[in-house]
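**Student:** this one's structure only:
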């Protein structure tokens, strides 16, 4: 496993001078828009497309060259970022009629920043490799704010030559990249990360509920936990920024986190493992569908424990 921090350098792969040039983005929602901002700030020419009119208009306003469809996007760039909700959307954009495969320039590199399914990614990687294209799974952490600031963390799976070719772009988007190995490993690691994040939300919420019942102020308790061994990214970031502030606007929805937890649970089953805590966390998130809408912020899971109301 290799990790590196953002550094300034040029890359050359297969005779191509990888100085800053043109890149395409499919999916111009909050994450795609944020990544476009970082790439534009770093001097790239950014083309993008999205099925949503509001997303296209917002991208135009920050300087993205918005094009009508994937065919037009492929005509502009042989490096394409995907920022899409689910594996089925990634498959459709790559494989459907008038998708990337139909219109890609020779030796196109696809950088998939979606949180997708490892086996879907591996199958797509094999198919693309047979067509002399490359696919990297590069799921991200840091949310829209990290995308806009270029400070995301990226867990990367795929071939080392594809990673070398992508590094200039990843440097513009992230503060840290961790190479996880073969295709699909980035997505597997991201699902495991999100399962742990989901668990930390549940356990930290229960800890704060216990502390409140014991007469502690929630903000004081969180400060105390963050000074001790019980801290996590959830206590250090999510509780102060989005939960105790009652803002609940991280940019990541209940629907997406429930999807990621479900996929992680499926992985556990496929591996034949008995992980009782993970199973209970998955049940809590699945049950939340009954009373927390899909579009709500994922931190709203705390409301099932009586917090944030």
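**Tutor:** Everything's here; your move. Just so we're clear, the structure is a prediction, and the values are computed from it rather than from any experiment.

**Student:** Just give the nearest non-adjacent residue to the residue nearest the centre of the chain, would you?
**Tutor:** The centroid of the chain falls nearest to residue 140 when counting by Cα atoms, centre = their mean (3.5 Å). In this structure, residue 140 finds its nearest non-sequential neighbour in residue 152, 4.4 Å apart by Cβ to Cβ, 6 or more residues apart in numbering. All C-beta spots, glycine's among them, are computed from the backbone N, C-alpha and C.

**Student:** isn't the one you found right up against residue 175?
**Tutor:** Yes - at 7.0 Å, residue 152 counts as touching residue 175 under the criterion of Cβ atoms under 8 Å.

**Student:** if we can go back for a sec, residues touching the residue nearest to residue 140, list them.
**Tutor:** Shown in contact with residue 152 (Cβ atoms under 8 Å, 6 or more residues apart in numbering): 140-142, 146, 173-175.

**Student:** repeat that for 7 Å
**Tutor:** By Cβ atoms under 7 Å, 6 or more residues apart in numbering, the contact list for residue 152 reads 140-142, 146, 173-174.

**Student:** and the gap between it and residue 201?
**Tutor:** 20 Å (Cβ to Cβ, to the nearest Å).

**Student:** Show me how the protein divides into domains.
**Tutor:** Split into domains by automatic domain parsing, the chain comes to 2-182, 188-305.

**Student:** deepest of the ones you listed, which one?
**Tutor:** domain 2-182 (a mean of 19; mean count of other Cβ atoms under 10 Å).

**Student:** Wait, a strand at residue 135?
**Tutor:** Yes - counting by DSSP: H, G, I helix; E, B strand; the rest coil, residue 135 is part of a strand.

**Student:** I'd like the mean pLDDT over the longest helix along the chain, please.
**Tutor:** The longest helix of the chain (DSSP state H) is helix 185-213. Predicted confidence along helix 185-213 averages 97 (mean pLDDT).

**Student:** Return, as residue ranges, the portions of the stretch 1-150 of the chain with sub-threshold pLDDT.
**Tutor:** For the stretch 1-150 of the chain, applying pLDDT under 70 flags the ranges 1-20.

**Student:** That one: helices as residue ranges?
**Tutor:** 30-41, 53-62, 70-76, 87-95, 100-103, 118-130, 143-149 (DSSP state H, counting those that start in this stretch).

**Student:** what helices or strands is the third one leaning on?
**Tutor:** It stands for helix 70-76. strand 22-26, strand 45-49, helix 100-103 (3 or more Cβ pairs under 7 Å, 6 or more residues apart in numbering; DSSP states H and E).

**Student:** between the ones you listed, which gets nearest to residue 116?
**Tutor:** strand 22-26 (13.3 Å; Cβ to Cβ).

**Student:** Tell me what angle that closest one forms with strand 45-49.
**Tutor:** Inter-element angle recorded for strand 22-26 and strand 45-49: 20 degrees (by axes from the mean of the first three to the mean of the last three Cα atoms, to 10 degrees).

**Student:** and the gap between residue 301 and residue 282?
**Tutor:** On the measure of Cβ to Cβ, residue 301 and residue 282 end up 12 Å apart.

**Student:** I meant residue 28, not that one.
**Tutor:** Taking Cβ to Cβ as the measure, residue 28 falls 31 Å from residue 282.

**Student:** Helices along the stretch 151-300 of the chain, start to end?
**Tutor:** 160-173, 185-213, 218-226, 233, 254-271, 276-287.

**Student:** And the contacts of the last one?
**Tutor:** For helix 276-287, contacts defined as Cβ under 7 Å, 6+ apart pick out 195, 198-199, 202, 257-258, 261, 265, 268, 301.

**Student:** Including distance to residue 66, could those go into CSV?
**Tutor:** Below are the contacts of helix 276-287 laid out as CSV (distance: Cβ to Cβ, whole Å):
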residue, distance to residue 66
195, 36
198, 35
199, 39
202, 40
257, 29
258, 31
261, 34
265, 38
268, 41
301, 35
